[in-house]
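Visitor: can you look at this prediction? I've put the sequence above it.
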Amino acid sequence: MPSSSGATAAVIAAAVRKYRDIPGGLLPLLHEIQSVVGFVPKDHVVDIASGMGLSRAEVHGVISFYHDFHYRSKGQKTIHLCRAEACQAMGSRELEDHVKTRLGVDFGETTQDGRFSLEPVYCLGNCACPPSIRIGDDVYARVDAGRFDEILDGT
Amino acid sequence: MVRVFVPTDTTACALGADAVAAEIAQQVQDMRLDVEIIRNGSRGAFWLEPLVEVESGEGRHAYGPVDPLDVAGMFEAGFPGSCEHPLFLGKVSDIEWLVRQDRLTFARAGLIDPLNLDDYRQQGGYDGLLRVLDMSPADIVEEVTGSGLRGRGGAAFPTGIKWRTVLNAPSDQKYVTANADEGDSGTFADRLLMEADPFQLIEGMTICAMAVGASEGYIYLRSEYPRARGVMQKAIETAKAAGLLGSDILGSGRDFNIHIRLGAGAYICGEETSMLESLEGKRGLVRFKPPLPAIEGLFGKPTVVNNVLTLAAVTTVLAKGAAYYRDYGSGRSRGTLSVQLAGNVRRGGLVEVPFGASLRQLVEGFGGGTASGRPVRAIQVGGPLGAYLPESQWDTPLDYEAFAAVGAMLGHGGIVVFDDSVDMLKQARFAMEFCAVESCGKCTPCRIGSVRGVELIDKIGRNENRLVSLGLLEDLCETMEAGSLCAMGGLTPMPVRSAVQYFPQDFERRIESSLDG
């Protein structure tokens, strides 16, 4: 994660150069900024907008529409917990209660030590072996309370 | 040299396949064995994953489900040579759950190394494209029309008619887009295909491009599928290097490029016009139709929008002919349906069968009942916008028209099983809640109706004006169904109404009301 605002500006300028001539380039640009910086810096929406030839409202509109994009920094790792039907059928509601209690946070929040953010997700495509969670790019299957604690302790 | 196969599929890895592969590699190294480990895709028998296979003179033998901790014991028993071990399943070709399927689209899944182009071609891959090179665009479209293939994303629109519209739309630029925003809970067939047999999607898109005259293609892939993204990206590069994508494909003088675009966690972007907006870099607001995307689609140009499985099925149609594909199926639903058995089911996974099998055959025959061992109570078919069906409806054949006739839909083929502990009022509430979270917000019945729906169901749960609230809920469902712009608001009433209709006892006066979830 770039430490200074100058470094952030450089990341954004590079991303704009890369995507400004690509048709529909705003989503890939935002994904790239977020993967490097960790979030979309709100102060730089104006730079993204002018670089991409869009209005600030258009850029903010896209950031606020999609669940993946966010202005605030997150924990070191984000835990995505599936809330959809296939997981419900195998006890994800109970898992959700356990996870929130164990981490001491609700959805959209980050643990006090800054290690984990918790986000809901609606389907990870692992529906034959639910409940499912995702940490980073790793998906875990058949996660009950005990298994969740094991995973957390090993992370 | 012995070849051992360990899947790289998301579900297999979620169950420990990477660790199993690493453990096997360690044992092989320690014992100095002459073994090659191949990371294949999954066959979709997720109840047996991680499913480890060993190739021998007489076909492939399987072990599963293998925990990393089982590996040392397997080697002690003689693995990878023939051995007696509790996890030994015999020949893969004798596993009844797989043998009883009719695999057209998923024939190669799990059989091959997903990124080995030679494997793909040896197993019939690119036969369709090779045939297409000598055909006129109109003849290609005619072949697809003749197969009876209908869109597998859920809307079941005849694919050939869509292609013909794009073919006949005059334009300097046309697009082929693959909808890989597989957001329905209970579905994973697109993901499985992309991770197990990515060249099939590339070939299908290329055939489509040849048919309609497109030079650019996009795969709109949901961000929740990082593994599929990695496999697809490498497959595209491999195809390009082999002259199967890019300029002058196989010397045909035709160009076609495929780009992957990642979604950003919005369910609505699986709706085709919302997907096009998102591909254009905008908020995924649903568009009015007409104009149809086939006339004015991506960047205002004629565009084919097809589901991953539709484009994949096209390779079979072109390789083996329209009649071959059409001979499978029932009524007006031709070919095979890729059913995804999910939720509380003992033997979950991908079951590809001709249209016409009953829900009961799938859930009891293939699925083996619930994972919990309790009785099945409700089955939701077709994703979060699909109906919850009670036992009285389980003999309905899996066929688009037969499902519509009972107020349900097949959708993308997801089947989610619930046991008798399910609270159908909570499920109805979730349907409304999900719509409230995921509505694009463009039209009022969906944006506001879903919020009101949650409130009404909460009232019913609290015994507050229960009968009046139930009446209002039905009114609301009618308004959402008739007044919404797209299927999100228009179909959210389906799970809600089916829950009320088929499971009325869950909406009667409740002793304790626990509605927090």
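Guide: Sure, I can see it. Residues are numbered from 1 along each chain as shown, chains lettered A, B, ... in the order given.
Visitor: what about the nearest residue to B:Ile161 once chain neighbours are set aside, neighbour count?
Guide: Once flanking residues are discounted, B:Ile161 sits nearest to B:Thr145: 6.7 Å by C-beta to C-beta, 6 or more residues apart in numbering or on different chains. Quick note: C-beta positions are derived from backbone N, CA and C, even for glycine. The local packing of B:Thr145 (other C-beta atoms under 10 Å in any protein chain shown) involves 18 other residues.
Visitor: over to the one 3 residues further on?
Guide: By the other C-beta under 10 Å criterion, the neighbourhood of B:Gly148 contains 22 residues.
Visitor: for the nearest residue to it once chain neighbours are set aside, which residues are in contact?
Guide: The shortest distance from B:Gly148 to any non-neighbouring residue, by C-beta to C-beta, 6+ apart, is to B:Arg334 (3.1 Å). Shown in contact with B:Arg334 (C-beta atoms under 8 Å, 6 or more residues apart in numbering or on different chains): B:Ser147, B:Gly148, B:Leu149, B:Arg150, B:Tyr325, B:Arg326, B:Tyr328, B:Phe355.
Visitor: what pairs with B:Arg334 across the strands?
Guide: Listed by DSSP bridges, the beta-bridge partners for B:Arg334 are B:Gly329.
Visitor: helix or strand for the most centrally placed residue in chain A, which one?
Guide: Nearest to the mean C-alpha position of chain A, counting by C-alpha atoms, centre = their mean, stands A:Asp68 at 5.0 Å. A:Asp68 is part of no helix or strand, with elements assigned from DSSP states H and E.
Visitor: how about it, what does it touch?
Guide: A:His31, A:Gln34, B:Ser223, B:Gly263, B:Ala264, B:Gly265.
Visitor: my read: the second one touches A:Ile48, true?
Guide: No. Here A:Gln34 lies out of contact with A:Ile48, judged by C-beta atoms under 8 Å, at a distance of 11.6 Å.
Visitor: which residues do those two both contact?
Guide: In contact with both A:Gln34 and A:Ile48: A:Val40, using C-beta under 8 Å, 6+ apart.
Visitor: compare neighbour counts for these two and give me the winner.
Guide: Using other C-beta under 10 Å, the more surrounded residue of A:Gln34 and A:Ile48 is A:Ile48, with 27 against 19.
Visitor: so that one belongs to a strand, correct?
Guide: No. Assessed with DSSP: H, G, I helix; E, B strand; the rest coil, A:Ile48 is helix; it does not lie in a strand.
Visitor: what distance do you get for it to A:Ala57?
Guide: In this view, A:Ile48 and A:Ala57 are 12 Å apart by C-beta to C-beta, to the nearest Å.
Visitor: then A:Ile33?
Guide: For A:Ile33 relative to A:Ala57 (C-beta to C-beta), the value is 18 Å.
Visitor: more neighbours, these two?
Guide: More crowded of A:Ile33 and A:Ala57, by other C-beta under 10 Å: A:Ile33, with 23 against 10.
Visitor: neighbours around the closest residue to the more buried one other than its chain neighbours, how many?
Guide: In this structure, A:Ile33 finds its nearest non-sequential neighbour in A:Ala15, 5.3 Å apart by C-beta to C-beta, 6+ apart. Neighbour count for A:Ala15, taken as other C-beta under 10 Å: 23.
Visitor: any idea which element A:Ala15 lies in?
Guide: helix A:5-19.
Visitor: cool, B:Asp458 as well?
Guide: Going by DSSP H and E, B:Asp458 is in helix B:444-461.
Visitor: and what of B:Asp18?
Guide: Per DSSP H and E: helix B:17-31 holds B:Asp18.
Visitor: with B:Asp475 instead?
Guide: helix B:466-483.
Visitor: same question, A:Phe39
Guide: Counting by DSSP H and E, A:Phe39 is part of no helix or strand.
Visitor: count of neighbours near the closest residue to it other than its chain neighbours?
Guide: Of all residues not flanking A:Phe39 in the chain, A:Ser73 sits nearest, at 4.9 Å (C-beta to C-beta, 6+ apart). Per other C-beta under 10 Å, the neighbour tally for A:Ser73 reads 13.
Visitor: quick check: A:Ser73 vs A:Lys42, distance?
Guide: 11 Å.
Visitor: residues contacting residue 142?
Guide: This is for chain A. Going by C-beta under 8 Å, 6+ apart, A:Arg142 touches A:Met90, A:Cys129, A:Pro130, A:Pro131, B:Leu15.
Visitor: that was the other one, I meant chain B.
Guide: B:Glu142 touches B:Gly160, counting by C-beta under 8 Å, 6+ apart.
Visitor: ok but it is inside a helix, no?
Guide: Yes. Using three-state DSSP, the assignment for B:Glu142 is a helix.
Visitor: off-centre distance for the strand ranked longest in chain B?
Guide: Identified as the longest strand of chain B according to DSSP state E is strand B:336-343. Centroid separation for strand B:336-343 versus its chain: 8 Å, with C-alpha atoms, centre = their mean, to the nearest Å.
Visitor: tell me which residues in stretch B:251-268 are buried?
Guide: For stretch B:251-268, the neighbour count (16 or more other C-beta atoms under 10 Å in any protein chain shown) marks B:254, B:256, B:258-268 as buried.
Visitor: make that stretch B:345-364, sorry
Guide: Applying 16+ other C-beta under 10 Å to stretch B:345-364 flags B:345-363 as buried.
Visitor: give me the mean pLDDT for that stretch.
Guide: Stretch B:345-364 shows a mean pLDDT of 98.
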